[in-house]
Structure formats: C-alpha cells, structure tokens
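> I'll drop the sequence and a predicted model, then ask my questions.
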Amino acid sequence: MGIGNYRGNILDPRKVYLVQTDTTVGFLSQNRKRLSEIKNRPVEKPFLISVDSFKPLKKFARVPKKFKKRVRRAKKTTFVYPNGKAVRVVRDDRHISFLKKFGWMYSTSANRSGKRFEREFAFEKADVIVEDQRGFFEGKASEILRLSQRKIKKLR
C-alpha cells in the first residue's frame, strides 16, 4: 500500500484505489471482481461508473435526446440509462485529476455494506491510498436518477 503519489506510469487500472471523490470516500477500480469481493456482494450486481468527461460516457450509454441538456448540466448526479448502466460525469477538479489517468472507473463507497466509513477497513482493503489535502470525509451521496426514453425517476 502506498500513500498519495500516483504520478508516472505506476498506475494500474486493476488495482483498487482509495480516493476522496467529490461526494464521499470511495474505492475506485476497473476490476469489478475485486470490488465485489471487498464489498462482499454478488459480482453480477452493477457498480456506478465514474467518467472524467462526456467522451467516455458514450462508451457506456446513449443519453436520450430529451435529457441531454439535463445530463450536461447536472452536478453530483448519477444517471441510470435505459441500458441499465449507472454513469456519473465527475465535475470536481481534484477528483477529475485522478480520474483522467484512467478515463473511467467503477466506483463504490469505501465502507462495509450498509455501514459508515471506517478508516482502518478502507486502508486495509485498498491497494493504493490517494489522499489529498482535504483528507477523507463522508459527504452527501450523489443524487440518482433513472432515465427512460421519455421519463425520469428519482431513485435517491
């Protein structure tokens, strides 16, 4: 486990990173299986996908025409698209600077399922710890909206 430095070519998208996101402390990785093991949940259960811009969003989902403007303007909001993928375009500069190294990552809160953030648990489970001057804190979770072709439904 390392602290904070993620410069250079040492980044591996399959590792699990402990990162302060724009909303809360999270585990980020492109390795779904490993995140599922850490969170003790079925591998089939989908994860939120965090992307650094709208370009990688196109790889995962098509935004219904009716909601394009809403998606573009949303902050701290996750959208579940008609194909079932939950994707959030990150707007926070500090979180984007980390995410840009990968383009996208699966994201989940850095806690035991249903529990609050425990620093010891999170540090034990992460391969790499990326802590900035803010430290780690639990903030308000992102809003989650489900989009269909014509309707929008608030899930959280």
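Done, it's in.

> Backbone dihedrals for the residue nearest in space to the middle of the chain, both of them.
In the chain, the residue lying closest to the centroid (C-alpha atoms, centre = their mean) is residue 107, at 3.0 Å. Torsion angles at residue 107 (phi, psi; degrees, to the nearest 10) stand at phi -140, psi 140.

> isn't it right up against residue 49?
Yes. Residue 107 is in contact with residue 49 according to C-beta atoms under 8 Å; the separation is 7.1 Å. No exception for glycine: its C-beta is placed from N, CA and C like everyone else's.

> low pLDDT regions in the protein?
1-10 (pLDDT under 70).

> From residue 63, how far out is the most far-flung residue of it relative to its centre?
Outermost residue of the chain with respect to the C-alpha centroid, by C-alpha atoms, centre = their mean, is residue 150; its distance is 26.0 Å. From residue 150 across to residue 63, the span is 13 Å (C-beta to C-beta, to the nearest Å).

> what packs against the helix or strand that contains residue 144?
Assessed by DSSP states H and E, residue 144 sits inside strand 143-147. Applying 3 or more C-beta pairs under 8 Å, 6 or more residues apart in numbering; DSSP states H and E, one finds that strand 143-147 contacts strand 77-80, strand 152-154.

> roughly how far is the shortest one from the heart of the chain?
When distances are taken as C-alpha atoms, centre = their mean, to the nearest Å, strand 152-154 is centred 20 Å away from the chain's centroid.

> Report the buried residues of it.
Residues of strand 152-154 include none that count as buried (16 or more other C-beta atoms under 10 Å).

> quick one: strands adjacent to it?
strand 143-147 (antiparallel) (DSSP bridges).

> Alpha carbons of the strand it pairs with, as CSV, please.
C-alpha atoms of strand 143-147 as CSV (Å, rounded to 0.1, in the frame of the first residue of the first chain):
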residue,chain,number,x,y,z
GLU,A,143,-28.4,12.0,-6.5
ILE,A,144,-29.5,9.0,-8.6
LEU,A,145,-32.0,9.5,-11.5
ARG,A,146,-33.3,6.7,-13.8
LEU,A,147,-33.8,7.8,-17.4
